[in-house]
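> no sequence on hand, only this structure:
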């Protein structure tokens, strides 16, 4: 194995890390928005929405993440195939990136909805009533009063789940998406140096999770800026 | 439906392997976690730093990467492992998976134990000491019951995470529940296998969660 090839593979790993970051950056925000919607649905007056949200979290917290991914990937593929047999769709392949992003979004939504739900239950009703009595509209109350407090209350547990999502992105390598994990797998197979390349991948993952934790601690400081601690 | 019955033995075998992976890793990991907590409580700088970096590594990297590192890494160390007489173990993917999962869950469990011990009010231990309770009795009567209540919820989460995480083993040719489902799907393209196995996982996780909620209620109201 020449030196150049070796360094080439190291660059490949970094390119894979970019895909890992991309998929994380897509599925985390989307998952949180969907998770908020699911949490609100759980508190809804309508039976159907409530039980729908309940089933959603039960399923996506109960399935192993790898299984969610495979079910979506092959399931969508087969649906499309059946569609194409009926002449509806003309031979479309599901891109692994889309399948991975959708699966991780659903998982992130299921977990974050639980975090948001506990935070929603802790909201001070008096504050909401005060905001309403000032003549604020529902969406204004939600954005200006509820959201900042919800985020503050749920950030610590949210950061934990986001770390899990970042690590779960490694599973997309199984459906042949060229993320960090798959690149390191290919590099290990090609160079016969599995220890070095998997260690390198681990170090890159450590750096990524370190950055994520740092971002969350910044966010926590930002959302706690108005809080006075009574000692 | 007839075809499904023919898969059933394979899926049941897979279920057994999933359970084996989960519980073996939890037990070995738990023992290792106790050692880690004990090492850290010695308050020797170098040891604590080692334990902290081990747990940061295990908690900051994906389980899949750890499994690959051990499974393919051991192949690179094959001559050396053969010399040590350990190759027979590492050449078995199930052993590798249990090894990787045990290390992973040990880091998480150590963190849970540590949190539980730190949550015990100092006064309780001081009071016990003032009553001249021997150390082992303090451990048994104060630390285990008080810490155990605190640890119950995060520990049950860890069990669920391990049960779900064990599905990753299917990637290194372990025929656990997901592994057998993948093998069956690859040969038959029968999508219903995935659905059935998925339902099994969801039922197992949800059942376990309900059971622990029940236990939690019992434990918390018993003394109150």
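It's in. Treat the numbers as computed from the prediction; the structure is a model and nothing was measured. Residues are numbered from 1 along each chain as shown, chains lettered A, B, ... in the order given.
> what's near enough to touch the closest residue to residue A:165 other than its chain neighbours?
Nearest residue to residue A:165, sequence neighbours excluded (C-beta to C-beta, 6 or more residues apart in numbering or on different chains): residue A:108, at 5.0 Å. (Glycine included, C-beta is placed from N, CA and C.) By C-beta atoms under 8 Å, 6 or more residues apart in numbering or on different chains, the contact set of residue A:108 is A:27-28, A:30-32, A:34-35, A:161-162, A:165.
> kindly recompute the last result at 6 Å.
A:27-28, A:31, A:165 (C-beta atoms under 6 Å, 6 or more residues apart in numbering or on different chains).
> closest to chain B out of the residues you listed?
Relative to chain B, the closest of the contacts of residue A:108 is residue A:165; by C-beta to the nearest C-beta it sits at 10.7 Å.
> about what we covered before: residue B:165: which of the contacts of residue A:108 is nearest?
residue A:165 (14.1 Å; C-beta to C-beta).
> and the closest one, how many neighbours?
21 (other C-beta atoms under 10 Å in any protein chain shown).
> give the other helices and strands that whatever helix or strand it lives in contacts.
Using DSSP states H and E, residue A:165 sits in helix A:147-168. Helix A:147-168 is packed against helix A:96-122, helix A:194-223, with contacts defined by 3 or more C-beta pairs under 6 Å, 6 or more residues apart in numbering or on different chains; DSSP states H and E.
> distance of the spatially closest residue to residue B:146 that is not a sequence neighbour relative to chain A?
Nearest non-adjacent residue to residue B:146, counting by C-beta to C-beta, 6+ apart: residue B:120, 4.8 Å away. In this view, residue B:120 and chain A are 21 Å apart by C-beta to the nearest C-beta, to the nearest Å.
> pull out the buried residues from stretch A:189-199.
Of all the residues in stretch A:189-199, those buried under the rule 16 or more other C-beta atoms under 10 Å in any protein chain shown are A:193-199.
> intersect those with the contacts of chain B.
Near chain B, taking C-beta under 6 Å from any C-beta of the partner chain as the test, the members of the buried residues of stretch A:189-199 found are A:194-195, A:198.
> host element of the residue nearest to the spatial centre of chain A?
For chain A, the residue nearest the mean C-alpha position is residue A:28 (3.4 Å; C-alpha atoms, centre = their mean). Assigned by DSSP H and E, residue A:28 belongs to helix A:3-42.
> by mean pLDDT, flag the weakest helix or strand of chain B.
helix B:87-90 (a mean of 82; mean pLDDT, DSSP states H and E).
> next, the buried residues of the helix or strand just after that one.
Next helix or strand after helix B:87-90 toward the C-terminus (DSSP H and E): helix B:93-118. Neighbour counts over helix B:93-118 (16+ other C-beta under 10 Å) mark B:93-114, B:116-117 as buried.
> other residues contacting stretch A:19-33?
A:100-101, A:104-105, A:108-109, A:112, A:162, A:166, A:169, A:178-180.
> does chain A sit close to the longest helix belonging to chain B?
Looking across chain B with DSSP state H, the single longest helix is helix B:2-41. No - interface with chain A: helix B:2-41 contributes nothing (C-beta under 6 Å from any C-beta), its closest point being 9.6 Å away.
> next, the angle helix B:93-118 makes with that helix.
50 degrees (axes from the mean of the first three to the mean of the last three C-alpha atoms, to 10 degrees).
> which of the residues in the least confident helix or strand of chain B are buried?
Those would be B:87, B:90, for helix B:87-90 by 16+ other C-beta under 10 Å.
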